[in-house]
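*Asks:* prediction below, plus the sequence it came from.
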Amino acid sequence: VVSAMLKHLIRRTPVLSSLVSSLAAPTASTSAFTHFGGLQTRTGATGNTNKQHLTTMQGGYNSDPPGVGGYWNRETSKHGDVSGKIVKEARIVCLSDPDDKDNLPLYEGDLPEGSAILKIGATMSDFDIDALREAEPNVLFVSHAKSREPLPELLAALPSIEWVHARSAGIDFITSAGLSAASDDIILTNAKGCFSSTLAEYTLMACSYFAKDLPRLLKNKKAKDWDRYDVLELRGSTMGIVGYGDIGRACAKLADAYGMKVVALRRNPKKSMYDPYVAKVYGQEDLNQVMEQSDYIVVAAPLTDDTEGLVSADAISHAKSDAVLINVGRGPIIDEEAMIAALQDGTLKGAAMDVTTVEPLPKESALWELENVLLSPHNMDKTATFMKEATEFFVNENLQRYVRDKDLLNPVDAKIGY
């Protein structure tokens, strides 16, 4: 109890959090990190553990160690907390739909002094490259869904571009060999942190959907059947999160509030070694361990060459027979045919899919017919204002930093895809 109270106090008190963070002294690299009694130890390949000081992330949110980089979260980050003298202009080209109302904060809003939009277009034919080259644009805002091909062409034609910002959190719609080749000469940022809370809410709803057997409730109501049956608690169950970035951590935060144990998997476990919401953090090579432990498996990873097909037939075979698979990342991360087979033969209890391998989901897909599948059309973060808020982040946060020559929030590595 004392340990839990201490953990809560440090989490909620910035001064204590900062002090404890300064005392932490991680040493050798490891493959997994574990909490014991509120203190986190780290476990190496030999199984030995070394106690580390308990700490929390800067701002109570960021899942990366202090000093690694700045990331945005609409719940916890300070909005508009930018000051200082404007030292350069932003000459902006928008690879966007000119009629996209969600971009009105950019198209018609108040931009920093000396900043201007040079051109808005969705294809290369929309741009007068010679005129743009003479104007020397330095910022490229990307929001059009079909930007993969024109983006590297624009970067090649306009070498003055310094910064590319994607209005979405996932950048799989723009990744290409051309973008990777150009990435050494540009800064790439995204809208990470603008969509996480709604997806976390959906994730916990999906857990409850199966724990309380909502399909049975709805059938009983329709049949006017007063059928009293046992339900499951989420408290005490284990949520395994595959891809522990901003969305994954938002899920962990709510799962922690429900009394669930959280284990997580990410490419670099060290980045979450002090996270207060996670009992243990694994490296990507330990996926099967996460599958074996978890009652609810949440896929929240970005789609990259490394994560495509990550949740394979082999990984699914390691899941508990009563496990539920929830995907809020990207469809191709899961071997969909293997998942369907597991849902049909009882290897998996159920699945909640906000994303699928092919979208829209083909009508012949077995997912439509399976009673143990909760389907949504990739809209569980689609609030009425979610894209407008993402544009506002660009205008009110990162653009303000750019013209003041400050570090930009949400840096992305185009080569690895996030």
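*Replies:* Structure's in. What do you need? Numbers count the residues shown, from 1 in each chain.

*Asks:* give me the nearest residue to residue 261, chain neighbours excluded.
*Replies:* Spatial nearest neighbour of residue 261, excluding adjacent residues (Cβ to Cβ, 6 or more residues apart in numbering): residue 238 at 4.6 Å. All C-beta spots, glycine's among them, are computed from the backbone N, C-alpha and C.

*Asks:* check the one you found and give its pLDDT.
*Replies:* Per-residue pLDDT puts residue 238 at 98.

*Asks:* now residue 124
*Replies:* Residue 124 is given a pLDDT of 97.

*Asks:* next one: the one 4 residues further on
*Replies:* You'll see residue 128 listed with a pLDDT of 98.

*Asks:* wait, what's in contact with the most centrally placed residue in the chain?
*Replies:* With distances taken as Cα atoms, centre = their mean, the residue of the chain nearest its centroid is residue 247 (3.7 Å). Contacts for residue 247 (Cβ atoms under 8 Å, 6 or more residues apart in numbering) come out as 169, 195, 196, 199, 200, 300, 328, 329.

*Asks:* what score does it have for pLDDT?
*Replies:* On the pLDDT scale, residue 247 gets 95.

*Asks:* in what helix or strand does it lie?
*Replies:* helix 246-257 (DSSP states H and E).

*Asks:* flag every buried residue along that helix.
*Replies:* Within helix 246-257, the residues that qualify as buried are 246, 247, 248, 249, 250, 251, 252, 253, 254, 255, 256, counting by 16 or more other Cβ atoms under 10 Å.

*Asks:* so how far is residue 191 from the second one?
*Replies:* Same thing as residue 247. 12 Å (Cβ to Cβ, to the nearest Å).

*Asks:* hey, what's in contact with both of these two?
*Replies:* residue 169.

*Asks:* ok, for residue 153, nearest residue in space, not its chain neighbours?
*Replies:* The nearest residue in space to residue 153 (Cβ to Cβ, 6+ apart) is residue 124, at 5.6 Å.

*Asks:* same question for residue 396.
*Replies:* Closest to residue 396 by Cβ to Cβ, 6+ apart is residue 80, at 5.5 Å.

*Asks:* does that neighbour belong to a helix, a strand or coil?
*Replies:* What DSSP: H, G, I helix; E, B strand; the rest coil gives for residue 80 is coil.

*Asks:* does it really touch residue 395, like I thought?
*Replies:* No - if you go by Cβ atoms under 8 Å, residue 80 and residue 395 don't touch, sitting 10.3 Å apart.

*Asks:* strands of the stretch 1-150 of the chain, residue ranges please.
*Replies:* 32-36, 39-43, 49-51, 91-95, 116-121, 139-142 (DSSP state E, counting those that start in this stretch).

*Asks:* least reliable of the ones you listed going by mean pLDDT?
*Replies:* Looking at the strands of the stretch 1-150 of the chain, the weakest mean confidence is strand 49-51, a mean of 30.

*Asks:* in the protein, what helix or strand scores lowest on average pLDDT?
*Replies:* Least confident element among the helices and strands of the chain, by mean pLDDT, DSSP states H and E: strand 49-51 (a mean of 30).

*Asks:* measure residue 408 to residue 111 for me?
*Replies:* Counting by Cβ to Cβ, the gap from residue 408 to residue 111 is 16 Å.

*Asks:* the stretch 251-400 of the chain: strands as residue ranges?
*Replies:* Under DSSP E, counting those that start in this stretch, the stretch 251-400 of the chain gives strands at 261-265, 280-282, 296-299, 324-327, 350-353, 373-375.

*Asks:* output the ones you listed as TSV; include the columns mean neighbour count and mean pLDDT.
*Replies:* Shown next, in TSV, are those (neighbours: other Cβ atoms under 10 Å; pLDDT from 0 to 100):
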stretch	mean neighbour count	mean pLDDT
strand 261-265	26	98
strand 280-282	27	97
strand 296-299	29	98
strand 324-327	27	98
strand 350-353	24	98
strand 373-375	18	98
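
*Asks:* with distance to residue 186 added, can I get the ones you listed in CSV?
*Replies:* As requested, the strands of the stretch 251-400 of the chain are exported to CSV (distance: least, Cβ to Cβ, whole Å):
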stretch, distance to residue 186
strand 261-265, 30
strand 280-282, 31
strand 296-299, 30
strand 324-327, 31
strand 350-353, 34
strand 373-375, 38
